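Participant: missing the sequence, but the structure's below:
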């Protein structure tokens, strides 16, 4: 059980001994993300009162229209992480290339790189639906003292030292893991402090919610179509309930609490999938596994995929363990019938 009124800062200090490298840098890095999240949360909560709604007029590297809050959140996280001089590199879903950062004394001695989706689900801002931030932290693999290279960012998800998300909803929460379980912290907006509200978060082994954009059903692989039909059949504990928000953070957060599965498969339009491996799938997969769930592309563990590109896309299935295993079974059966 959490200590009564324990803050995020107190929790980080109390548990920093769990970090493989306990120099304090990782603790300061998570604290920096906490600070940037409060700044972004403040702007999200003002949406509609100030000119921050709508499109910014640009597109990002994926060719997607950038929202004004996308740009604001991206700048806020990059600025905060850069000014704290904790990381040696940042890669953002909103940037074409990774950013090299010098540390104290203008050297390249910092140990960590951060990959971030600054505002997941930002198209929902205009209609006041929950959005979020997703982050992933790795220890660099190139020699300290040299500028980071692409190699430092193209690490499999199994190498993550920490990952998390911030959800800006009816309450604002930070949910994160350093490989020792998943914990959630809720912001008290009156005093600007996060409190340990959700200790040792776990996916139920089974669930009754499936989250998928069924508007794309005709374009889904046969295995996904078969699994959706399975969810809709009136046998046993089915039919399951369809719940899809369209914000990865929101859908995953709900399913982790209530039990369910999230599916964003490849389609004819997006044969490699839509979600980004490094900014979305790897950090969410790390959290899911630490919470007792599973994350897969339908055929292999997400955290085992060797990245080849900074903005690589993959199909994504994530959630309660038994539901993901059943979805994989349908995917693999459909694939075997092709041969």
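Facilitator: Noted; the coordinates are in hand. For clarity, every value in this text was computed on a predicted model and none was experimentally measured. Numbers count the residues shown, from 1 in each chain.

Participant: who's in contact with stretch 257-273?
Facilitator: With contact meaning C-beta atoms under 8 Å, 6 or more residues apart in numbering, stretch 257-273 is reached by 201, 203-213, 216, 219-221, 224, 227, 243, 248, 251-252, 254-255, 274-275, 297-298, 312-320, 323-324, 327. Every residue, glycine included, has its C-beta placed from N, CA and C.

Participant: my read: residue 24 touches residue 12, true?
Facilitator: No: between residue 24 and residue 12 there is no contact under C-beta atoms under 8 Å: 9.8 Å.

Participant: the more surrounded of the two?
Facilitator: Remark: of residue 24 and residue 12, residue 12 carries more neighbours, 21 against 13, as counted by other C-beta atoms under 10 Å.

Participant: residue boundaries of the strands in the stretch 51-200 of the chain?
Facilitator: Here the stretch 51-200 of the chain has its strands, by DSSP state E, counting those that start in this stretch, at 55-59, 65-67, 87-92, 99-100, 112-120, 131-139, 160-168, 172-177, 182-188, 193-198.

Participant: so what strands line up beside the shortest one?
Facilitator: Paired with strand 99-100 in the same sheet, following DSSP bridges, are strand 87-92 (antiparallel).

Participant: report the angle between the axes of the partner strand and strand 112-120?
Facilitator: 30 degrees (axes from the mean of the first three to the mean of the last three C-alpha atoms, to 10 degrees).

Participant: give the contact list for residue 276.
Facilitator: 62, 93, 117, 311, 312, 313.

Participant: switch to 7 Å and redo it
Facilitator: Applying C-beta atoms under 7 Å, 6 or more residues apart in numbering, one finds that residue 276 lies in contact with 93, 311, 312, 313.

Participant: could you list the low-pLDDT ranges of the stretch 201-339 of the chain?
Facilitator: For the stretch 201-339 of the chain, the stretches with pLDDT under 70 are 236-237, 339.

Participant: what's the burial count for residue 44?
Facilitator: With other C-beta under 10 Å as criterion, residue 44 counts 24.

Participant: an error on my part: the question was meant for residue 100.
Facilitator: Quick note: residue 100 (other C-beta under 10 Å) scores 14 neighbours.

Participant: next: residue 301.
Facilitator: 15.

Participant: so what's it closest to, chain neighbours aside?
Facilitator: residue 295 (7.2 Å; C-beta to C-beta, 6 or more residues apart in numbering).

Participant: in a helix, that's where the one you found is, yeah?
Facilitator: No: counting by DSSP: H, G, I helix; E, B strand; the rest coil, residue 295 is not part of a helix but strand.

Participant: helices of the stretch 1-150 of the chain, residue ranges please.
Facilitator: 8-15, 25-46, 68-83, 150-153 (DSSP state H, counting those that start in this stretch).

Participant: got the angle for the third one vs strand 131-139?
Facilitator: Just to be clear, that refers to helix 68-83. Using the same axes, to 10 degrees: helix 68-83 against strand 131-139 is 30 degrees.

Participant: ok, the longest one next?
Facilitator: Per the same axes, to 10 degrees, the angle that helix 25-46 makes with strand 131-139 is 170 degrees.

Participant: so the spatially closest residue to residue 216 that is not a sequence neighbour: helix, strand or coil?
Facilitator: Spatial nearest neighbour of residue 216, chain neighbours left out: residue 267 (5.5 Å); criterion: C-beta to C-beta, 6+ apart. The assignment at residue 267 comes out as coil when based on three-state DSSP.

Participant: go on, the one 5 residues further on?
Facilitator: In three-state terms, and counting by three-state DSSP, residue 272 is coil.

Participant: quick one: residue 257 and residue 322, what's the gap?
Facilitator: Separation of residue 257 from residue 322 (C-beta to C-beta, to the nearest Å): 17 Å.

Participant: do the same with residue 309
Facilitator: 33 Å.

Participant: so between these two, which is more surrounded?
Facilitator: A count of neighbours by other C-beta under 10 Å puts residue 322 above the other of residue 309 and residue 322, at 17 against 12.

Participant: check which helix or strand covers the more buried one.
Facilitator: Secondary structure assignment for residue 322, by DSSP states H and E: helix 321-336.

Participant: contacts for that helix?
Facilitator: 203, 205-207, 221-224, 226-227, 230, 260-261, 263, 292-294, 296, 298-299, 317-318.

Participant: of those residues, buried ones?
Facilitator: Applying 16 or more other C-beta atoms under 10 Å to the contacts of helix 321-336, the neighbour count classes 203, 207, 221, 223-224, 226-227, 230, 260-261, 263, 292-294, 296, 298, 317-318 as buried.
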